[in-house]
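# Requesting a structural model of the entry that follows:
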Amino acid sequence: MPISPASPSSASHWRGHLHLEFLHRSSKTILSHSHAQAPLKIQRPFYPEGDAVCHSVMLHTAGGIVGSDRLSNQIILHPNAQALVTTAAAAKVYGRSGKEAQQTTQISIAAGACLEWFPQETIVFDGAVYQQEMRVDLAANAIWFGWEMTRLGRSARGERFASGSWRSKIEVWQGDRLLWVDPQGIQGGSEMLDSLHGLAGCPVVSSFVMLGRSVVPEEVEKARSVWQGTGEVGATRLRDGILCRYRGQSTAEARHWFIQVWQILRSAYCNRPACPPRVWQL
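This is a model prediction of the structure:
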């Protein structure tokens with residue numbers, strides 16, 4: 001079901017919307033159409049690895065998400081387009097209002113196209129109530145790379161996620177076939193924060209996924225073998241892709257591993273090396 005664009009903003013909360021379309025033309029991918037409604041914005045595209053892949057950076061000009069905000073993104077890749085989309089900085093979800101903030105993302109990837117969806121981390125402050133939903137529609141012979149990195153509470157300041165809630169749901173479809181669904185949720189102050197079956201005391205939970213290609217077991221083993229951090233990780237072969245999970249103390253540690261896995265998969269299935277955007281400041 002399509003996600004409706006957000007309505008205009010009011011004085012008390014934002015109704016932001018970002019619509020992007022990428023088109024492959026004469027061996028180059030271009031941002032053929034963009035429409036932004038505050039506080040969302042898109043920077044001018046750039047090409048650090050040549051014309052084939054269009055890199056784009058999204059901005060949230062308000063500085064953070066608060067209760068009652070409604071943000072939506074719609075991204076369309078036309079046949080054979082190749083795009084990488086990231087964000088300029090970590091997203092901050094502020095707490096204490098008691099009202100729910102929502103963000104929805106709808107992605108459509110046509111035949112032969114590939115989208116690499118790599119937003120920077122989301123920091124959910126103590127007391128925040130936040131829900132995010134994403135739907136990805138893949139055509140035959142299309143590929144989607146995506147990651148989600150979430151920190152619950154400003155743990156660097158000793159803050160725990162003692163109240164509020166975080167919910168996330170991702171669905172990936174190919175025609176009328178559901179390839180993967182990933183519902184997650186944590187209630188602030190609940191036992192799941194410390195349970196071994198939950199976060200085990202870790203403030204950071206992250207996922208990396210590639211869908212649209214059948215992954216051989218050897219690639220899964222490579223993904224596991226490059227892990228050298230202190231958090232807990234796992235890599236699983238999906239029906240048409242691969243899923244990597246991380247729980248630990250550091251989004252930088254999670255991202256470092258995800259980039260290594262991305263390098264393995266991008267070389268194997270896209271025939272090009274990974275090219276981390278400069279905005280990540282690695």
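# what about the strands in the stretch 51-200 of the chain?
Assigned by DSSP state E, counting those that start in this stretch, the stretch 51-200 of the chain shows strands spanning 54-60, 70-77, 82-87, 91-93, 100-109, 114-118, 122-124, 129-138, 143-152, 165-174, 177-187.
# Can you tell me which of the ones you listed is most buried?
Highest mean neighbour count of the strands of the stretch 51-200 of the chain: strand 122-124, a mean of 25 (counted as mean count of other C-beta atoms under 10 Å). The way it works is simple: take the backbone N, C-alpha and C, and place the C-beta from them, glycine included.
# Show me what that strand is packed against.
In terms of contacts (3 or more C-beta pairs under 8 Å, 6 or more residues apart in numbering; DSSP states H and E), strand 122-124 is packed against strand 91-93, strand 143-152.
# Out of those strands, which is closest to residue 103?
strand 91-93 (8.5 Å; C-beta to C-beta).
# on that earlier part again, now the strands of the stretch 51-200 of the chain as JSON lines including mean pLDDT?
Formatted as JSON lines, the strands of the stretch 51-200 of the chain follow (pLDDT from 0 to 100):
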{"stretch": "strand 54-60", "mean pLDDT": "96"}
{"stretch": "strand 70-77", "mean pLDDT": "97"}
{"stretch": "strand 82-87", "mean pLDDT": "98"}
{"stretch": "strand 91-93", "mean pLDDT": "96"}
{"stretch": "strand 100-109", "mean pLDDT": "97"}
{"stretch": "strand 114-118", "mean pLDDT": "98"}
{"stretch": "strand 122-124", "mean pLDDT": "97"}
{"stretch": "strand 129-138", "mean pLDDT": "98"}
{"stretch": "strand 143-152", "mean pLDDT": "97"}
{"stretch": "strand 165-174", "mean pLDDT": "97"}
{"stretch": "strand 177-187", "mean pLDDT": "96"}
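# thinking again about what came up before, with distance to residue 129 added, can I get the helices and strands packed on strand 122-124 in JSON lines?
JSON lines is the format used below for the helices and strands packed on strand 122-124 (distance: least, C-beta to C-beta, whole Å):
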{"stretch": "strand 91-93", "distance to residue 129": "9"}
{"stretch": "strand 143-152", "distance to residue 129": "13"}
